[in-house]
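# Sequence first, predicted coordinates after that:
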Amino acid sequence: MNIAWGSLGVVVVVSLAVGVAVVVLVAFALVGLAARRPVPVDSTGVGRRSSLSPAVGTAVATLCLVAVAAIVGYGLYIIVA
Amino acid sequence: MGISLIVVVVIVTALLFDFTNGFHDTANAMATSIATGALTPRVAVIIAGVLNLVGAFLSVQVAKTISSGLVNEAKITPVVIFAGLVGAILWNLVTWLLGLPSSSSHALFGGLIGATLVAAGTGAVNFGAVLTKVVLPAVISPVLAGLVALIATFLAYRLTARSDQGTVSKGFRLGQIVSASMVALAHGTNDAQKTMGIITLTLITAGVLAPNSGPPFWVILSAGLAIALGTYVGGWRIIRTLGRRVADIQTPQGFAAETASTVVILASSHLGFALSTTQVATGAIFGAGAGRRLASVKWGVAGQLALAWIVTLPAAAIVGAVAAWTASTGTAGTVIVAVVAVAVAAGIYAASRRRPVTASNVNDVEQPPTAAQPVAVGGGVQ
């Protein structure tokens, strides 16, 4: 019996790194996009106006989404190749 | 050499298994998208069906390696494969009736192992390969997917907590459409090929194809169509279990769960681990549920699912073994197996119609059982 601990370790590390990275990047992109629109402060205090400027927010969002697209594209490439 | 009747029967049975595999696994990609409203049920199953078909054409690596090592190909006949498939199909139908997302892959492996044990003895099953290729990934992959989804969900909520919730929710909803599509595509590249591998193996054992051949085009097309059709029909009972009964899933959680599933499936397949897409998706949904609020996960349901996972391989193996024993007595035995299997399948269908779960009522769920009142498998799921 021969357990490929090395490959198993790679699966664990890659899954953790890529999975968390994609979700975090999308979350950052949404934080950036949310800064694009002024949010009225409601009674619960949720949705305070972001101190991020709309332009910077858009730039951050674009950058993050491009990074996600690169990861997804590479994932597709791996399936096809 | 022409194709004999038994080979035709095996191919048809394999495609039927592929169909059950498809509708059993629609939930893997689409359960959380349907639960969060990112996709309507009908649109979700269409996307999943089409992407499964596309995925079936993307790669034949899994199909080529499906026959390597679990059972000794030289010692099995089409009849054994037929018996194994009957075991796998019947177990898939039973778990579908109970709404349990069990692994179609384990049902297939179990059915084949059981049938081979009876027909060719213990020497024909490579138990070392079963442990390292099936049992080990089965234990590790759902835990890994759950861990990834848990961390990702926790971070997603923390990072976006102070941002406009409308934008965040809409953004993750759009993200879910992409991530769910990726799961469906990854599923097509994996599960459709298991059937292609079986059909190819059958054609090789019957002498129609040369050893080590890849699947012919018509095999790829028919396997892809069977799984796509099954996916489109949709296993609504299982979708309800995964989308509604495991935890109350919101869009960031759905996105995190689907991303975790995709990454684990692709990373594992790329490195040659045969894992169960169902178990990965289920583990990810539990992780995503726990990542927002530990108490929001119904751990009683988790217990049911874990039990179904453990039981799947041996249960399919027993059905496969009985079918192989009967079928090996001759043509009459094989016919009896086929008739009994069709009858049982019809009965399960009839039982499911008593309280049907369809696209229109998949999100309406009765007050789910809490962790404090665990129900027996099947007790609360109809």
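Happy to help now that I have it.
# mind listing the helices for the stretch 101-250 of chain B?
B:104-120, B:127-130, B:136-160, B:165-205, B:217-233, B:236-240 (DSSP state H, counting those that start in this stretch).
# right, so of the ones you listed, which gets closest to residue B:26?
With C-beta to C-beta, the closest approach to residue B:26 among those belongs to helix B:217-233: 4.9 Å. C-betas here are computed from N, CA, C, even on glycine.
# and the angle for that closest one with helix B:104-120?
Relative orientation of helix B:217-233 and helix B:104-120, computed by axes from the mean of the first three to the mean of the last three C-alpha atoms, to 10 degrees: 130 degrees.
# Summarise which helices and strands helix B:217-233 is packed against.
Contacts defined by 3 or more C-beta pairs under 8 Å, 6 or more residues apart in numbering or on different chains; DSSP states H and E place helix B:217-233 against helix B:5-36, helix B:41-58, helix B:165-205.
# Dump these to JSON lines, plus mean neighbour count, distance to residue B:151 and mean pLDDT.
Listed next are the helices and strands packed on helix B:217-233 as JSON lines, based on neighbours: other C-beta atoms under 10 Å in any protein chain shown; distance: least, C-beta to C-beta, whole Å; pLDDT from 0 to 100:
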{"stretch": "helix B:5-36", "mean neighbour count": "26", "distance to residue B:151": "17", "mean pLDDT": "88"}
{"stretch": "helix B:41-58", "mean neighbour count": "22", "distance to residue B:151": "26", "mean pLDDT": "88"}
{"stretch": "helix B:165-205", "mean neighbour count": "24", "distance to residue B:151": "16", "mean pLDDT": "85"}
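# Ok, which of the ones you listed comes nearest chain A?
Set against chain A and scored by C-beta to the nearest C-beta, the helices and strands packed on helix B:217-233 come closest in helix B:165-205, at 4.1 Å.
# where does the stretch 51-200 of chain B dip in pLDDT?
Applying pLDDT under 70 to the stretch 51-200 of chain B flags residues B:60-74.
# Near residue B:302, how many residues? Count them for me, please.
Residues near residue B:302, counting by other C-beta atoms under 10 Å in any protein chain shown, number 20.
# That one touches residue B:246, doesn't it?
Yes: at 7.4 Å, residue B:302 counts as touching residue B:246 under the criterion of C-beta atoms under 8 Å.
# so what sits against both of these two?
Common neighbours of residue B:302 and residue B:246, using C-beta atoms under 8 Å, 6 or more residues apart in numbering or on different chains, are residue B:286.
# Residue B:338: which of the helices and strands packed on helix B:217-233 is closest?
When the helices and strands packed on helix B:217-233 are compared by C-beta to C-beta, helix B:5-36 sits nearest residue B:338, at 7.2 Å.
# do the closest one and chain A meet at all?
No: for helix B:5-36 and chain A, the contact criterion (C-beta under 8 Å from any C-beta of the partner chain) is not met; the two come no nearer than 13.5 Å.
# Do you know the pLDDT at the residue nearest the centre of chain A?
In chain A, the residue lying closest to the centroid (C-alpha atoms, centre = their mean) is residue A:25, at 1.7 Å. Residue A:25 carries a pLDDT value of 92.
# Run through the residues that contact it.
A:64-65, A:67-68, A:71.
# Can you flag the buried ones in these?
Buried members of those, scored by 16 or more other C-beta atoms under 10 Å in any protein chain shown, are A:64-65, A:67-68.
# quick one: which of those is nearest to chain B?
For the buried ones among the contacts of residue A:25, the nearest to chain B is residue A:68 (8.6 Å; C-beta to the nearest C-beta).
# just to revisit the earlier point, so how far is residue B:29 from the residue nearest to the centre of chain A?
To residue B:29, residue A:25 is 21 Å away according to C-beta to C-beta, to the nearest Å.
# Kindly report the same for residue B:264.
Residue B:264 sits 14 Å away from residue B:29, going by C-beta to C-beta.
# how much space between the nearest residue to residue B:239 once chain neighbours are set aside and residue B:90?
Of all residues not flanking residue B:239 in the chain, residue B:27 sits nearest, at 4.3 Å (C-beta to C-beta, 6 or more residues apart in numbering or on different chains). Distance, residue B:27 to residue B:90, using C-beta to C-beta: 19 Å.
# try residue A:24
43 Å.
# Surely residue B:287 is in contact with residue B:145?
Yes: here residue B:287 reaches residue B:145: they are 6.6 Å apart, a contact under C-beta under 8 Å.
# Can you pull the residues that touch both of the two?
With C-beta under 8 Å, 6+ apart, residue B:287 and residue B:145 have common neighbours residue B:260.
# which non-adjacent residue is nearest residue B:209?
Distance criterion C-beta to C-beta, 6+ apart; nearest residue to residue B:209, sequence neighbours excluded, is residue B:203 at 4.3 Å.
# Pull the contacting residues for that neighbour.
B:3, B:7, B:209, B:213, B:216, B:219.
# and which of those is nearest chain A?
With C-beta to the nearest C-beta as the yardstick, the closest approach to chain A among those comes from residue B:219, at 19.5 Å.
# So for chain B, the centremost residue is which one?
Taking C-alpha atoms, centre = their mean, the centroid of chain B lies closest to residue B:104, which sits 3.8 Å from it.
# quick one: the residue lying closest to it once chain neighbours are set aside from residue B:187, how far?
The shortest distance from residue B:104 to any residue other than its chain neighbours is 4.1 Å, reached at residue B:21 (C-beta to C-beta, 6+ apart). Distance, residue B:21 to residue B:187, by C-beta to C-beta: 9 Å.
# how many neighbours does residue B:345 have?
What residue B:345 shows, counting by other C-beta under 10 Å, is a neighbour count of 18.
# Also residue B:155?
Each residue near residue B:155 was counted by other C-beta under 10 Å, and the total is 18.
# For the closest residue to it other than its chain neighbours, list the residues it contacts.
Leaving aside its chain neighbours, residue B:155 sits nearest to residue A:24 (5.3 Å; criterion: C-beta to C-beta, 6+ apart). Neighbour list for residue A:24: B:152, B:155-156, B:159 [criterion: C-beta under 8 Å, 6+ apart].
# for the residues you listed, which one is nearest residue B:119?
Using C-beta to C-beta, the contacts of residue A:24 come closest to residue B:119 at residue B:152, 45.6 Å.
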